[in-house]
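coordinates for the following, if possible.
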Amino acid sequence: MKTLTISGTVRKNKGSKDATTLRKAGSVPCVLYGGKEQVFFSVQANQFSKLLYSPDAYLVNLNLDGKEIKAIVQDSQFDKISDEVTHVDFLEALPGKSLKVKLPVLTTGSPPGVKKGGKLQVKIRRLSIKGQVEDIPDHVTLDVNGLDLGDSIKVKDMKLDKLQLLDPANAAVVSVKMTREAELPATPGAAAAAVPGAAAAPAPGAAPAAAAPGAAPAAAAKKEEKPAAKK
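Below you'll find the predicted structure:
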């Protein structure tokens with residue numbers, strides 16, 4: 001996994017009143033658990049810009065008053081109006097202990113189904129996996145070169161070395177969906193309509209189309225013209 005260092009300060013006071021004071025000062029209340037004891041601390045909000053507003057998964061090197069602790073983000077909360085981060089939960093990454101994380105899904109290749117008019121869809125953008133921190137990658141890459149129209153890659157089709165997939169086995173991760181244009185059959189006369197000036201053939205037994213009013217031949221119109229009066 002990618003690593004990121006964040007510095008924090010252990011909180012002396014706890015509770016909602018102290019948390020509100022921290023937020024007004026530009027800090028975010030945080031908690032670390034999974035180790036011997038819970039640790040409550042605060043982090044300057046601007047340190048979360050890369051960690052929380054990114055699709056990548058990170059192993060965080062927490063520096064709490066000079067003490068280094070490895071952890072991952074387990075949960076985060078945001079303000080409903082401002083979308084600013086209001087609280088972050090960290091899970092300590094202990095050696096030999098399995099962690100549950102969500103990894104972003106990336107695709108590689110050109111599916112034959114897309115060349116036939118289909119559309120590649122990523123159904124699960126972040127896969128839930130379980131494994132030891134040293135075995136967890138930055139992301140999961142799926143080769144979609146073999147996907148034709150209507151094909152998909154399900155969770156049960158995937159194999160990740162030393163990792164356990166936690167999403168439902170029959171859930172489709174990526175698929176090539178047939179678009180409406182690919183489903184519609186070619187309609188008769190479409191080729192003729194595509195040629196400028198080409199008229200569609202009349203249906204069997206149909207009367208010829210009536211001429212539009214005022215569409216009489218130009219020659220007939222000339223015969224009806226009266227000679228100009230002589231002066």
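
give me the contact list for stretch 34-46.
For stretch 34-46, the surrounding residues in contact (CB atoms under 8 Å, 6 or more residues apart in numbering) are 6-11, 14, 22, 26-33, 64, 69, 71, 84-85, 88, 91-94, 97. C-beta here means a position set from N, CA and C on the backbone, and glycine is covered the same way.

which of those fall in strands?
6-10, 27-33, 64, 69, 71, 85, 88, 91-92 (DSSP state E).

just the buried residues out of those residues, in PyMOL syntax.
Restricted to buried positions by 16 or more other CB atoms under 10 Å, the PyMOL selection for the ones in strands among the contacts of stretch 34-46 reads:
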select buried, resi 6+8+27+28+29+30+31+32+64+69+71+85+88+91+92
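
what about the residue nearest to Arg23 when sequence neighbours are not counted, how many residues close to it?
Using CB to CB, 6 or more residues apart in numbering and skipping the chain neighbours, the partner closest in space to Arg23 is Thr86 (6.5 Å). Close neighbours of Thr86, defined as other CB atoms under 10 Å, add up to 17.

where do the helices of this structure begin and end?
16-24, 49-52, 112-115, 180-183, 190-194, 218-223 (DSSP state H).

for Leu59, list each beta-bridge partner.
Under DSSP bridges, the beta-bridge partners of Leu59 are Thr3.

is it true that it touches Leu51?
No. At 10.7 Å, Leu59 does not count as touching Leu51 under the criterion of CB atoms under 8 Å.

now do the shared contacts for these two.
Counting by CB under 8 Å, 6+ apart, the residues touching both Leu59 and Leu51 are Leu4.

where does pLDDT dip in the protein?
By pLDDT under 70, the low-scoring segments of the chain are 180-231.
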